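Student: Turn this into a structure:
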Amino acid sequence: MRTFVTGATGFLGGRLLRRLRDRGDEVVALVRDPSRAARLDADLVKGDLSDRARLAGQIRGADAVFHLAAVYKVGIPQSERAAMFEANVGGTARVLDAAVDAGVLRIVYVSTVNVFGNTHGRVVDETYERPGRDYVSTYDETKHLAHVVAKERIARGAPIVIVQPGAIYGPGDHSELGEQLELARTGKLKLLALAGVGVNAVHVDDVVSGILLAYDRGRIGESYVLGGEITTLRQMLQIVSEQSGHRLPRFELPAALVKLAIPFGPLVGKVMNTGPNLRELIAASDGVTYWATDAKAREELGYAPRPVIEGLADV
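Tutor: Modelled structure (predicted):
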């Protein structure tokens, strides 16, 4: 099978590409700079998500498209909103349309449980509709709108299967979550802040398995949550600390005190390896839960993610 992958240079995309190659697929990866992606075991095509017609030409001949490319960052300044909208919303629309133009038989779009927004302690499923557009971050907003785009294309007959991963972790993750887990693993985490955020934590390799299962067994037009375990960031940090023989800091900075640092967001962002918009970071973390069940994927696809305590031993 010939597959076309966007986002192949990312944490999740790189893992998916290797699994596709391992199962014998011919993989074409869309990359901005082939010289910087030479390590990828794939046919590289230079390009981006800005030109639908060019994308269709690059995709033509593929049996399947896996669209993973997205900009992920929470706490971005206002000046970066337009670029995130262009990549996450506009880019998704153009890739999906180009795949249809190219005659692809199956498209797997990687969305996120963030499209549900803050579930306020509830564990929701794929049928849940967020009440209004109470976005807590630009990422949250753009991924929800991109999800709507995918649903609109499905309504027009596009052969799309959607997957919605939870909070992805694993070796090689350099996101804010990955950095926090690494600090806990090495005993360098000195202060807890905004650690009560509720997540559905899932190992990166389980997400890859879920994506492939969705391609092989998923029903066109359906969405599948790919989770692992309902938990919180604090619980994840506790597990990693204990597994590595360290103690989690006893003191957790109250959100009210964190809010006092909002005017110093750029400085705090550099220290905490987050975006400079501290107001957005707090809104996306303080009292927020991104909880969704993966029961549908387990039942329909045979999806079987590992427990968090087992997966975190791998970070």
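Student: which residue ranges form the strands in the stretch 1-150 of the chain?
Tutor: 2-6, 26-31, 43-46, 64-67, 106-110 (DSSP state E, counting those that start in this stretch).
Student: contacting residues for the closest residue to Gly47 other than its chain neighbours?
Tutor: Closest residue in space to Gly47, ignoring its immediate chain neighbours: Leu30 at 5.4 Å, by Cβ to Cβ, 6 or more residues apart in numbering. C-betas here are computed from N, CA, C, even on glycine. Counting by Cβ atoms under 8 Å, 6 or more residues apart in numbering, Leu30 touches Phe4, Val5, Thr6, Ala8, Val45, Gly47, Asp48, Leu55, Gln58, Ala69.
Student: rerun at 10 Å
Tutor: By Cβ atoms under 10 Å, 6 or more residues apart in numbering, the contact set of Leu30 is 4-9, 13, 37, 42, 44-49, 55, 58-59, 65, 67, 69, 95.
Student: Just the buried subset of the residues you listed, written out for PyMOL, thanks.
Tutor: Selection of buried members from those for PyMOL, criterion 16 or more other Cβ atoms under 10 Å:
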select buried, resi 4+5+6+7+8+9+13+37+42+44+45+47+49+55+58+59+65+67+69+95
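Student: What distance do you get for the residue nearest to Gly47 to Leu68?
Tutor: Leu30 sits 10 Å away from Leu68, going by Cβ to Cβ, to the nearest Å.
Student: got the strands of the stretch 1-150 of the chain as CSV, with mean pLDDT and distance to Thr293 columns?
Tutor: Below are the strands of the stretch 1-150 of the chain laid out as CSV (pLDDT from 0 to 100; distance: least, Cβ to Cβ, whole Å):
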stretch, mean pLDDT, distance to Thr293
strand 2-6, 98, 28
strand 26-31, 98, 31
strand 43-46, 96, 37
strand 64-67, 99, 24
strand 106-110, 99, 18
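Student: Nearest to Ala297 among the ones you listed would be which one?
Tutor: For Ala297, the closest of those is strand 106-110, at 12.8 Å, according to Cβ to Cβ.
Student: which secondary structure elements does that closest one contact?
Tutor: Strand 106-110 is packed against strand 2-6, helix 11-22, strand 64-67, helix 91-101, helix 138-155, strand 160-165, helix 204-217, strand 223-226, with contacts defined by 3 or more Cβ pairs under 10 Å, 6 or more residues apart in numbering; DSSP states H and E.
Student: State the next helix or strand along the chain beyond the last one.
Tutor: The reference is to strand 223-226. Sequence-wise, the next helix or strand downstream of strand 223-226 (DSSP states H and E) is strand 229-232.
Student: In the sheet, which strands lie alongside that next one, parallel or antiparallel?
Tutor: As defined by DSSP bridges, the strand partners of strand 229-232 come to strand 198-203 (antiparallel).
Student: Just say which of the helices and strands packed on strand 106-110 is most tucked in.
Tutor: Using mean count of other Cβ atoms under 10 Å, the stretch among these with the greatest mean number of neighbours is strand 223-226 (a mean of 27).
Student: ok now stretch 119-137, how far from the chain's centre?
Tutor: Put simply, stretch 119-137 sits 16 Å off its chain's centre (Cα atoms, centre = their mean, to the nearest Å).
Student: Please disregard the earlier target; I meant stretch 138-147.
Tutor: Taking the mean of its C-alpha atoms, stretch 138-147 sits 11 Å from the chain's own mean (Cα atoms, centre = their mean).
Student: For that stretch, give the mean pLDDT please.
Tutor: What stretch 138-147 shows for mean pLDDT is 96.
Student: Stretch 218-233 too?
Tutor: For stretch 218-233, the mean per-residue pLDDT is 98.
Student: Straight-line length of that stretch, end to end?
Tutor: 30 Å (Cα to Cα, to the nearest Å).
Student: Please name every helix or strand in contact with the strand or helix carrying Glu242.
Tutor: Assessed by DSSP H and E, Glu242 sits inside helix 233-243. Other helices and strands packing on helix 233-243, by 3+ Cβ pairs under 10 Å, 6+ apart, are strand 167-169, helix 176-185, strand 192-193, strand 198-203, strand 229-232, helix 308-311.
Student: export those to JSON lines and tack on mean neighbour count and distance to Arg247?
Tutor: Below are those laid out as JSON lines (neighbours: other Cβ atoms under 10 Å; distance: least, Cβ to Cβ, whole Å):
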{"stretch": "strand 167-169", "mean neighbour count": "24", "distance to Arg247": "21"}
{"stretch": "helix 176-185", "mean neighbour count": "20", "distance to Arg247": "10"}
{"stretch": "strand 192-193", "mean neighbour count": "20", "distance to Arg247": "12"}
{"stretch": "strand 198-203", "mean neighbour count": "25", "distance to Arg247": "21"}
{"stretch": "strand 229-232", "mean neighbour count": "19", "distance to Arg247": "18"}
{"stretch": "helix 308-311", "mean neighbour count": "18", "distance to Arg247": "17"}
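Student: Need these in a markdown table (columns: distance to Gly218).
Tutor: Formatted as a markdown table, the helices and strands packed on helix 233-243 follow (distance: least, Cβ to Cβ, whole Å):
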| stretch | distance to Gly218 |
| --- | --- |
| strand 167-169 | 19 |
| helix 176-185 | 26 |
| strand 192-193 | 38 |
| strand 198-203 | 17 |
| strand 229-232 | 22 |
| helix 308-311 | 23 |
